[in-house]
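Engineer: what's the 3D shape of this:
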Amino acid sequence: MNTRAPASAVGFGDRPERPRMRLLGFRPIRNKGKLLGVARIELPNGLRINDIPILSGKNGQSATLPARPMLDQEGRQKFDIRGKPQYAAFLEWRDRDLGRRFSDIVVGLVLKAHPGALDEGGR
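Structural biologist: Numbering: from 1, shown residues only. Reported below is the predicted structural model:
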């Protein structure tokens, strides 16, 4: 029984490997609360995203899409009632699962390229 892919069976060869997200750079940031660093990635379609925050949270590290600071009428950054800076998203994922998968991949790429870079003990 032939278990090769149909394209391979008719002589076109195996399917090319699917393009993957690539890490273009990572900059660790120390002593900035939950912010561990920022990453720069390239998606398979060629879109490059800069300044992806890598954060520390109760469930480990996560990556989020960049956001811009929310400003008041005088141009100063807004803070919530707990004193935390507020940010406005200008990009968003269609659903939570896509955001989680993006985060897992970005964190994995950073850890592979920079082992220990996200260890909070290094702070």
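Engineer: Which strands and helices lie in contact with the biggest helix by length in the chain?
Structural biologist: Looking across the chain with DSSP state H, the single longest helix is helix 96-113. On a contact count with 3 or more CB pairs under 8 Å, 6 or more residues apart in numbering; DSSP states H and E, helix 96-113 meets strand 22-32, strand 35-42, strand 48-57, strand 60-63. Quick note: C-beta positions are derived from backbone N, CA and C, even for glycine.
Engineer: For Val38, give me its contacts.
Structural biologist: Val38 makes contacts with 26-27, 29, 50-54, as judged by CB atoms under 8 Å, 6 or more residues apart in numbering.
Engineer: Repeat the analysis, applying 6 Å as the threshold.
Structural biologist: 27, 51, 53 (CB atoms under 6 Å, 6 or more residues apart in numbering).
Engineer: just to revisit the earlier point, Serialize the helices and strands packed on helix 96-113 to CSV and add fields for mean pLDDT and distance to Gly83.
Structural biologist: Supplementary listing: those in CSV, determined by pLDDT from 0 to 100; distance: least, CB to CB, whole Å:
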stretch, mean pLDDT, distance to Gly83
strand 22-32, 91, 15
strand 35-42, 96, 16
strand 48-57, 95, 18
strand 60-63, 94, 22
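Engineer: before we move on, the earlier item: most neighbours among the contacts of Val38, please name it.
Structural biologist: When neighbours are counted by other CB atoms under 10 Å, Pro53 leads those with 20 neighbours.
Engineer: what's the neighbour count on Arg40?
Structural biologist: Around Arg40 there are 15 other residues, counting by other CB under 10 Å.
Engineer: That one touches Asn50, doesn't it?
Structural biologist: Yes: counting by CB atoms under 6 Å, a contact exists between Arg40 and Asn50, whose distance comes to 5.0 Å.
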